[in-house]
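> attaching a predicted model along with its sequence, questions to come.
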Amino acid sequence: MRVLLLSHMYPNQVSPLSGIFVRQQAQALSALGVKLAVIAPVPWVPRLLAGRSKWGGYPAVPEREEGGDFPVYHPRVLELPRSCLFALYPRTYARGLKTVVTEQIRQGVDLIHAHVAHPDGAAALSFGRRFGIPVVVTIHGQDFAYTLKRGRMCANSVMRTVQEARRVILVSDKLKNAYGLERWVQEPSKCRVIWNGVHLETAGASPANGQKGELQGVSGGRPENTHIEHTNTENTNINAIKGKRILLSLGFLRPDKGHAIVIRALPELLREFPNLLYRVVGDGEERARLEQLTRELGLQGQVEFMGALPHPLAMRQMAACEIFVLPSWNEAFGVVYLEAMAHGKPVIGTLGEGIAGILTEEKVGLAVPPRDVRALTEALRALLRDREAAGRMGVKGKALVAAKFTWEYNARQTLALYQEVVERG
């Protein structure tokens, strides 16, 4: 089977942390024998702007990457800063992708798999209609939580894409149940929930190189700076860990990720657990406000902003923590929760979000109401007080991920869906 995978989220040298889950799924599908070509568009930027800000790095992104299990193409598409004219992106994407998509289709393509409905899925459908090729679309949280709310044109694009796609993959039950799909999809049976997964090896389910959770000289940078410095002193972070009970959040710094809720819970917790250390891995628009809140509460010594880290170093931070906490709302799924479970960590998430059912039903963590400092404080207190119960959650979580939430498991379900599309239409 030959599949054309389309995703603007796919990692590139400007945004190496973006869409890692898309690459991991592609690798797992390739391992099952699917012949893939990945089309990962990047914004067109005049070369005279090369080297200036994040956008200035795009001219250096190669148009084709080789050396892996499948080729990755980076055609240029018209985008504008701050997603201006976002409603028109399916058209600008289709125009920018035309040459490479047409070339791939001429070589033979069984189906197109697009990640996100708008703009990727809508652009993919324009080629599907033209060449008579079925299109599968994976819906992630941004389609329903954000794009649907960005005006009538964007909402219509998402709904039309879901209606016209041959099959729709949803990454959580929340996406299937919480947004009224049955009201605007004539064939609800074509919408299937296939959970995301993790690579147990790359998730670092056990500390690398026998480190037993002690981190070696890690220093973080912002998303635009993917070069991470390593200090010459091997024990740089060990002293920061010794005697500390570490809480960890990992993800982009946005208001809806809930970092501020954790910070506001700390003062009361520190009265009972004075050796708490809250580490925040990630960067984004909320960082300055979070740092200001930390100063206002006098928590400079108890909150550590690590910045954006490459995935292997972020997983070392995961290995060193005691509890993973990310009380995020507008969360379709969140692979990072699986990564925490793969490390044997108890997890705290948010009621009603993608991961909540797994946490509570499988007893691998706790879920709290969104934006509820009191509830989060009590959940953290419970896990900090009862280490045995927290440890049992971690053991169960690790076993659950190995059984049902690997990318191999995801890829087998996805391949079965591909075969159904190709054989039955």
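Okay, I see it. This structure is a prediction, so every number in the text was calculated from the model and none was measured.

> where does the stretch 101-250 of the chain dip in pLDDT?
178, 202-241 (pLDDT under 70).

> strands along that one, start to end?
111-115, 135-139, 167-170, 191-193, 245-250 (DSSP state E, counting those that start in this stretch).

> let's have these in a markdown table, adding mean neighbour count and distance to Ala124.
(Each C-beta comes from the backbone N, C-alpha and C, glycine too.) Formatted as a markdown table, those follow (neighbours: other C-beta atoms under 10 Å; distance: least, C-beta to C-beta, whole Å):
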| stretch | mean neighbour count | distance to Ala124 |
| --- | --- | --- |
| strand 111-115 | 27 | 4 |
| strand 135-139 | 26 | 5 |
| strand 167-170 | 24 | 12 |
| strand 191-193 | 17 | 17 |
| strand 245-250 | 23 | 31 |
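
> among those strands, which is nearest Leu384?
Nearest of the strands of the stretch 101-250 of the chain to Leu384, taken as C-beta to C-beta: strand 245-250 at 6.7 Å.

> now Leu142. Nearest residue, chain neighbours left out?
Just so we're on the same page, residue 142 is Gln rather than Leu. Excluding the flanking residues, the one nearest Gln142 by C-beta to C-beta, 6 or more residues apart in numbering is Val116, at 6.3 Å.

> and the one you found, how close does it get to Val135?
Remark: distance between Val116 and Val135 (C-beta to C-beta, to the nearest Å) = 13 Å.

> could you dump the strands of the stretch 101-250 of the chain to TSV with distance to Leu313?
Compiled in TSV, the strands of the stretch 101-250 of the chain are given as follows (distance: least, C-beta to C-beta, whole Å):
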stretch	distance to Leu313
strand 111-115	25
strand 135-139	28
strand 167-170	30
strand 191-193	32
strand 245-250	11
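
> follow-up on the earlier one: just checking, the residue nearest to Gln142 touches Phe144?
No. With contact defined as C-beta atoms under 8 Å, Val116 does not reach Phe144; the gap is 10.3 Å.

> counting neighbours, what do you get for the residue nearest to Gln142?
24 (other C-beta atoms under 10 Å).

> contacts only, for it.
Shown in contact with Val116 (C-beta atoms under 8 Å, 6 or more residues apart in numbering): Ser7, His8, Met9, Val137, Thr138, Ile139, His140, Gln142, Asp143, Thr147.

> is there a quick ChimeraX command that grabs whichever of these are buried?
With 16 or more other C-beta atoms under 10 Å as the criterion, this ChimeraX line picks the buried residues out of the contacts of Val116:
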select :7,8,9,137,138,139,140,143,147
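
> please produce JSON lines containing the contacts of Val116, extended by distance to Leu415.
Converted to JSON lines, the contacts of Val116 look like this (distance: C-beta to C-beta, whole Å):
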{"residue": "Ser7", "distance to Leu415": "18"}
{"residue": "His8", "distance to Leu415": "23"}
{"residue": "Met9", "distance to Leu415": "21"}
{"residue": "Val137", "distance to Leu415": "16"}
{"residue": "Thr138", "distance to Leu415": "14"}
{"residue": "Ile139", "distance to Leu415": "19"}
{"residue": "His140", "distance to Leu415": "20"}
{"residue": "Gln142", "distance to Leu415": "25"}
{"residue": "Asp143", "distance to Leu415": "23"}
{"residue": "Thr147", "distance to Leu415": "27"}
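
> so of the contacts of Val116, which ones are in helices?
Using DSSP state H, Gln142, Asp143 are the members of the contacts of Val116 that sit in helices.
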